[in-house]
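Colleague: Got a sequence here, can you model it:
(one chain, ligands or ions: 1)
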Amino acid sequence: MDKKVTCSKCQDKKRIMRANGEISPCFDCLIAGRMDQHDKNPKDSGIAI
Ligand SMILES: [Zn+2]
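Modeller: This is a model prediction of the structure:
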């Protein structure tokens, strides 16, 4: 079964691997504010999503 992802661009990984091997943040998630849950709230990281 296919897993449903919020962002089809990065598959909810919040990062995108470029062709040259560089890792860059997913801009779509960044502007949508989806990065915050993972990167800015370490205290809440135990909450199941
Ligand atoms: Zn994304």
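
Colleague: Using PDB, write down the CA coordinates of the lengthiest helix in the chain.
Modeller: Looking across the chain with DSSP state H, the single longest helix is helix 27-32. Only the C-alpha atoms of helix 27-32 are listed here, as PDB (Å, rounded to 0.1, in the frame of the first residue of the first chain):
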ATOM      1  CA  PHE A  27      11.200  24.700   0.500                       C
ATOM      2  CA  ASP A  28       7.600  23.600   0.200                       C
ATOM      3  CA  CYS A  29       7.600  22.400   3.800                       C
ATOM      4  CA  LEU A  30       9.500  25.400   4.900                       C
ATOM      5  CA  ILE A  31       7.000  27.900   3.700                       C
ATOM      6  CA  ALA A  32       4.100  25.800   4.800                       C
END
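
Colleague: Numbering from 702 from now on, please.
Modeller: Yep, numbering from 702; the last one is helix 728-733 now.

Colleague: That helix vs the ion: in contact?
Modeller: Yes - applying C-beta under 5 Å from the ion, one finds helix 728-733 touching the ion at 729, 730. Where C-beta positions appear, they are placed from N, C-alpha and C, glycine not excepted.

Colleague: For that helix, the averaged confidence score.
Modeller: Averaging pLDDT along helix 728-733 yields 91.
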